[in-house]
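Trainee: Next one to model:
(chains A, B, C and D)
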Number of protein chains: 2
Amino acid sequence: MSKDEEILEELSEFFKAFSHPVRLKIIINLMEGPQCVKNLGETLDMSQPSISQHLSILRNKGIVGCRREGSLICYYIKDPRVKKLYNILIKEELSWQEKS
Amino acid sequence: MSKDEEILEELSEFFKAFSHPVRLKIIINLMEGPQCVKNLGETLDMSQPSISQHLSILRNKGIVGCRREGSLICYYIKDPRVKKLYNILIKEELSWQEKS
DNA sequence: TGATTATATTTTGATATAATAATAACCTAA
DNA sequence: TTAGGTTATTATTATATCAAAATATAATCA
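Mentor: Below is the predicted model:
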């Protein structure tokens, strides 16, 4: 596979991370700061395994990272492209976010 | 479904359009200007039905539009978010594009 | 009209993704 | 070390997506 093909593959994988509403929710929440899985589950009102599965997808793509803090595992945005994307395309669509 | 849920659904559908390397290629090509299906097929070296299928996905999401011009059908970028996305995230990753 | 070119749709089979349930692993505190 | 709370993984089933092939539609030209 050529270099350009690889770039396109990687880019499409990146966008695939955003192509599910639950993952979008997770990403939007993490944009406000690192969160542990438990908090995410409560905020999004979803089952723990489901949250965990989507987090593992985001982790595998390098979009989020995590660190253990005692009994909790704290997730945070890792890929710098997420911030760009959030600022120009996501933030302004969300009614509950101020458009500073 | 709440308003916010709908927004997230729509956004995730939008990103899903970019989550396949062939569709990325098509979008990148159309960013340089409208193209007919035949040209796209030749440029990308892909079968006509395959191009056409991906175009119909992009069409259904409102990302591209098309108009008939004689015997050809000309596709163009329709969703204004595409240009934003292209400029901040896609363009700079492509080695064959100048980063003006 | 029939033939040709351009494009779209449909179908099929293979593969990937999703939700859910069950279980396992890990940490902390008693 | 056991118990309880937190997170991850696995298995299963349902659904979605993909590529490829076959077929259908639409316009043009002879």
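
Trainee: tell me the pLDDT at the residue nearest to A:M46 when sequence neighbours are not counted?
Mentor: Leaving aside its chain neighbours, A:M46 sits nearest to A:V22 (6.8 Å; criterion: CB to CB, 6 or more residues apart in numbering or on different chains). No exception for glycine: its C-beta is placed from N, CA and C like everyone else's. A:V22 is assigned 96 on the pLDDT scale.

Trainee: Which strand or helix spans the residue nearest the centre of chain A?
Mentor: Centroid check for chain A by CA atoms, centre = their mean gives A:I27 as the closest residue, at 3.2 Å. A:I27 is located in helix A:21-31, with elements delineated by DSSP states H and E.

Trainee: returning to what we had before: next, the contact list for the closest residue to the residue nearest to the centre of chain A other than its chain neighbours, please.
Mentor: Residue nearest to A:I27 in three dimensions, not counting chain neighbours: A:V82, with 6.4 Å by CB to CB, 6+ apart. Contacts here follow CB atoms under 8 Å, 6 or more residues apart in numbering or on different chains; on that basis A:V82 touches A:27, A:31, A:63.

Trainee: For the second one, which non-adjacent residue is closest in space?
Mentor: So that's A:M31. A:Y86 (5.4 Å).

Trainee: Pull up the gap between that neighbour and B:D4, please.
Mentor: 16 Å (CB to CB, to the nearest Å).

Trainee: between these two, who's got more neighbours?
Mentor: A:Y86 (19 against 14; other CB atoms under 10 Å in any protein chain shown).

Trainee: And the pLDDT for the more buried one?
Mentor: 96.

Trainee: And the pLDDT for the residue nearest to A:I27?
Mentor: So, for A:V82, pLDDT stands at 97.

Trainee: That one: which element?
Mentor: Assigned by DSSP H and E, A:V82 falls in helix A:81-85.

Trainee: circling back to that earlier point, kindly indicate which of the contacts of A:V82 lies nearest DNA strand D.
Mentor: Comparing these against DNA strand D with CB to the nearest atom of the strand places A:I63 closest, at 14.0 Å.

Trainee: Tell me how far that closest one lies from A:E32.
Mentor: The value you get for A:I63 to A:E32, if CB to CB is used, is 16 Å.

Trainee: which of the two has more neighbours?
Mentor: For A:I63 versus A:E32, neighbours defined as other CB under 10 Å are more numerous around A:I63 (22 against 9).
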